[in-house]
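Enquirer: have a look at this prediction, sequence included:
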Amino acid sequence: VPGLGGVFFVRQLTWSCLGIRLAGELDRPAMAARIAEGIEALASWTALGCGGYEKDDRVQGKRKLRRQDGLSFNAVSVGGAYVTVPFRRAATSALPGLGFCMTGQPRFNALQLAPPGLALAETVLRDTRIAERLRNWVMKPDTFIKNSSEQLKHALLPSAATARERQLVSA
């Protein structure tokens, strides 16, 4: 699979599919990369708040996020605000190769989810009931998320990938 070498855990693909899914739902496809990177940053911030992830390679932005009492979408969705090279970049090539997106596109914002990619995003949104919270976070970009609910942890933590997510990636 082209680009798979940069993908080394399930949630890396899930966060990317969530970004594309929410951008399409909000009718803002040009924001898919920003949304995916924002979700990735929110996941890292949530992981750092839980403890036990300080040395985990699946969490980036430790230096920048450790000091944050809360996160707004605007604060983490601009280039370089979270990390210079987000996990989302590695997923851009792998998503089409794995069948999660229709056809390969050079730009992440041009990707469209195929049924397996939509299923991957929907699994998290439906199973964790986090969709409304993420939508609101993106639509009200200056609003801070100040605490990590159990639903947010279950939806975003790198180690919390569900059996269904793993099954979709394995297939």
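Expert: Looks like it arrived, so ask away.
Enquirer: C-alpha only now, for contacts and for neighbours.
Expert: Fine.
Enquirer: next, count neighbours for the closest residue to Gln12 other than its chain neighbours.
Expert: Excluding its sequence neighbours, the residue lying closest to Gln12 (C-alpha to C-alpha, 6 or more residues apart in numbering) is Phe87, at 6.3 Å. The number of residues packed near Phe87 is 24, by other C-alpha atoms under 10 Å.
Enquirer: any idea how far Ala47 is from Val59?
Expert: According to C-alpha to C-alpha, to the nearest Å, Val59 and Ala47 sit 7 Å apart.
Enquirer: higher neighbour count, the two?
Expert: Taking neighbours as other C-alpha under 10 Å, Val59 and Ala47 compare with Ala47 leading, 24 against 20.
Enquirer: was I right to think the more buried one contacts Leu157?
Expert: Yes. Using C-alpha atoms under 8 Å, Ala47 makes contact with Leu157 at a distance of 5.9 Å.
Enquirer: ranges for the strands of this protein?
Expert: 71-72, 144-145 (DSSP state E).
Enquirer: now do Glu54 against Thr128, distance only.
Expert: Taking C-alpha to C-alpha as the measure, Glu54 falls 24 Å from Thr128.
Enquirer: give me the common contacts of Val59 and Ala47.
Expert: Tyr53, Pro158 (C-alpha atoms under 8 Å, 6 or more residues apart in numbering).
Enquirer: quick one: low-confidence ranges for the protein?
Expert: Low-confidence segments of the chain, defined by pLDDT under 70: 1-5, 104.
Enquirer: can you do 80?
Expert: For the chain, applying pLDDT under 80 flags the ranges 1-8, 29, 51-52, 66-67, 77-87, 89-90, 103-106, 127-129.
Enquirer: please identify the most buried of the strands of the chain.
Expert: strand 71-72 (a mean of 20; mean count of other C-alpha atoms under 10 Å).
Enquirer: mind listing what's buried in stretch 12-27?
Expert: In terms of neighbour count (16 or more other C-alpha atoms under 10 Å), stretch 12-27 has its buried residues at 12-24.
Enquirer: all helices for the protein, in order.
Expert: Using DSSP state H, the helices of the chain run over residues 10-25, 32-50, 62-66, 73-76, 87-97, 115-128, 131-139, 150-156, 163-170.
Enquirer: is it true that Phe87 touches Thr14?
Expert: No. The pair Phe87 and Thr14 fails to qualify as a contact (C-alpha under 8 Å) at a distance of 10.9 Å.
Enquirer: what sits closest to Ala36 if chain neighbours are left out?
Expert: Nearest to Ala36 is Gly19, by C-alpha to C-alpha, 6+ apart, at 3.9 Å.
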